[in-house]
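Colleague: give me the fold of what follows.
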Amino acid sequence: MTARRIELKHPGRFYIGGEWVEPAGTGTFDVLDCATEEVAATVARAESADMRRAVQAARAAFDQGPWPRMAPAERAPFLERLAERLEAMNDDFAQIWSIESGVVYKVAQPRIGLFISGAFRQYAAMAATYPFEVEQRSQTGHRGLRVQEPVGVTAVIIPWNGPAGLLAYKVAPALLAGCTVIVKSAPEAPCSAYLFAEICDEIGLPPGVVNILTADRAESEELVRDPGVDKITFTGSTAAGRRIASAAGERIARVTLELGGKSPAVVLDDYDIETAANTLGGFFFGYLTGQVCHSLTRIIVPRAKHDAMVEALSAVAQGIVLGDPFDAATTSGPLALARQRDTVERYVAQGLAEGARLATGGRRPSHLNRGFFFEPTVFGNVSNDMTIAREEIFGPVLGVIAVEDEAEAIRTANDTIFGLNGAVFTNDRDRALRVARQIRSGTVGHNGPRTDFSIGFGGFRQSGIGREGGPEGLAAFLESKTIVLDEPA
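Modeller: The predicted structure is shown next:
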């Protein structure tokens, strides 16, 4: 594997108030190529003063600038121009995603456009269809209006596993709504946000509408607590989401939280085990090495089919080709971070200690001495009270859980603090609908993982608050106002 560099125009600056500005301090973050462990880029590290400056710029743009005072139809062309430039630079974003997060390039290249440019096009189109103003007759017979107005200055906090796509599904609806935003990118994967800032600068958004910087946790918490920020939208761990919700609650700031998951795949007795295993294992091991919040990691099967499922999933795992994300032969890349690999190792050890059976994987590959690689791993004999069935591992580890019948399968699926995703495998459509309605999660797919941001994405319980994508994703950045006029309806 050769050394790779990510080329950015202004890695040592922040995009604030429509300008590339010098940071307050001299700190930096090194961005590693997770396949080689070599530095691919170095970016500026924000301090408290930088955060305050970004909030002030966004606040001024919202309170005095033209953006929130434009009609949605006037803002939509900016979103279209963003989509055009994102499409033109699709390959740049795909390469950054592979270097920073480990997703296989041949997977990243076609997929990333569905998220980044697709999000901006979807929300640009909503300018003409979303009910921003609805006339209603009041109880007293007067003319009433129900209007939707921007929530205000929004802190956009994005994670390291899918930064470009998650940025798009937060920023696009926020911009259409008329909000101004401060994007706080993750230190481990900031480069797609920098590239997006270059595009914002190029298309001529009004100053302060989009502000972008990179910071660590302490400065991020300052951003969350800043009274100049009206809303926080965050994707990340449930633990971090709890802290953000607590801080926001102190001042009743609005929040959208897309958090962790421990999602079930319920394979019913009429469905072919090998087909289910190929669908589940192929997607899970091949897409971001399991570093996906909505991964289907608890495989719930009839007891009589437990061993067959473990064997079939193990065969899929053993057929995965670990290696350089840019190698055409590779089907799964590295984990994004050394600490994430360490975390996965600890969970594997805990699974063994609690009595689960390691069927395959469970260690670093011996043939790869560089990069944060970990073998695709399958556990059998997992009970739902084990740590590996309760906590989000965020790595290439699947557990197979045996149950007696459909009713126990549903109870087991719901026996979790999470509720982000799920799936039901059955040849009977009506049965799939019936079981899906009983699973407490934000998405349930039939015969596969079928999350869809264009419709809406988010979780029940501790998997989050609110929804991203679709009309609900736009509503999250709007406040509803009632106006009653002194005239008859």
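
Colleague: wait, what's in contact with residue 137?
Modeller: For residue 137, the contact set (C-beta atoms under 8 Å, 6 or more residues apart in numbering) comprises 143-144, 489. Backbone N, C-alpha and C define where each C-beta goes, glycine included.

Colleague: just the pLDDT for the spatially closest residue to residue 40 that is not a sequence neighbour.
Modeller: Using C-beta to C-beta, 6 or more residues apart in numbering and skipping residues adjacent in sequence, the residue nearest residue 40 is residue 33, 4.4 Å away. At residue 33, the model reports a pLDDT of 98.

Colleague: beta partners for the residue lying closest to residue 23 once chain neighbours are set aside?
Modeller: Leaving aside its chain neighbours, residue 23 sits nearest to residue 44 (4.4 Å; criterion: C-beta to C-beta, 6+ apart). As for beta bridges, residue 44 partners with residue 28 under DSSP bridges.

Colleague: so how far is residue 187 from residue 44?
Modeller: 11 Å (C-beta to C-beta, to the nearest Å).

Colleague: which non-adjacent residue is nearest residue 417?
Modeller: Spatial nearest neighbour of residue 417, excluding adjacent residues (C-beta to C-beta, 6+ apart): residue 462 at 4.6 Å.

Colleague: so the residue most central in space within the chain: helix, strand or coil?
Modeller: Closest residue to the average C-alpha location of the chain: residue 166 at 4.9 Å, with C-alpha atoms, centre = their mean. What DSSP: H, G, I helix; E, B strand; the rest coil gives for residue 166 is helix.

Colleague: ok, now which ones touch it?
Modeller: So residue 166 contacts 115, 158-159, 235, 258 (C-beta under 8 Å, 6+ apart).

Colleague: ok so, going back, thought the residue nearest to residue 40 was touching residue 41?
Modeller: No: at 9.2 Å, residue 33 and residue 41 do not qualify as touching, with contact defined as C-beta atoms under 8 Å.

Colleague: what about those two, which has more around it?
Modeller: With neighbours defined as other C-beta atoms under 10 Å, residue 33 and residue 41 compare such that residue 33 has more, 26 against 22.

Colleague: so in terms of bridging, what pairs with that one?
Modeller: residue 38.

Colleague: remind me which residues of the protein are low pLDDT?
Modeller: 1 (pLDDT under 70).

Colleague: tell me the domain ranges of this structure?
Modeller: 14-259+463-482, 263-453 (automatic domain parsing).

Colleague: what about the helices in the stretch 151-300 of the chain?
Modeller: All helices of the stretch 151-300 of the chain, identified by DSSP state H, counting those that start in this stretch, fall at 163-177, 191-203, 217-225, 238-249, 273-286.

Colleague: mind giving me the packing neighbours of the last one?
Modeller: Of the remaining helices and strands, those touching helix 273-286 by 3 or more C-beta pairs under 8 Å, 6 or more residues apart in numbering; DSSP states H and E are strand 263-267, strand 296-302, helix 306-318, strand 397-403, strand 423-425.

Colleague: same question for the second one.
Modeller: Packed against helix 191-203, as judged by 3+ C-beta pairs under 8 Å, 6+ apart, are the following elements: strand 14-16, strand 38-44, helix 72-88, helix 90-101, helix 163-177, strand 180-185, strand 210-214.

Colleague: do I have it right that residue 295 meets residue 263?
Modeller: Yes: using C-beta under 8 Å, residue 295 makes contact with residue 263 at a distance of 6.4 Å.

Colleague: now the common contact residues for the two.
Modeller: In contact with both residue 295 and residue 263: residue 421, using C-beta under 8 Å, 6+ apart.

Colleague: so these two - more neighbours on which side?
Modeller: Set side by side, residue 295 and residue 263 show more neighbours around residue 263, with 31 against 28, by other C-beta under 10 Å.

Colleague: okay, and the beta partners of the more buried one?
Modeller: Beta-bridge partners, per DSSP bridges, of residue 263: residue 296.

Colleague: how far off centre is stretch 79-94?
Modeller: Centre-to-centre, stretch 79-94 and its host chain are 19 Å apart (C-alpha atoms, centre = their mean, to the nearest Å).

Colleague: scratch that, stretch 217-232 is what I was asking about
Modeller: Remark: stretch 217-232 is offset 20 Å from the chain centroid, using C-alpha atoms, centre = their mean.

Colleague: quick check: longest helix in this protein by residues?
Modeller: Longest helix of the chain, by residue count under DSSP state H: helix 105-126.

Colleague: ok, and what's touching that helix?
Modeller: With C-beta under 8 Å, 6+ apart, helix 105-126 has contacts from 72, 76-77, 79-80, 82-84, 86-87, 90-91, 93-95, 97-98, 162, 164-169, 172-173, 175-176, 286-287, 325-326, 328, 453-454, 469, 471, 473-474.
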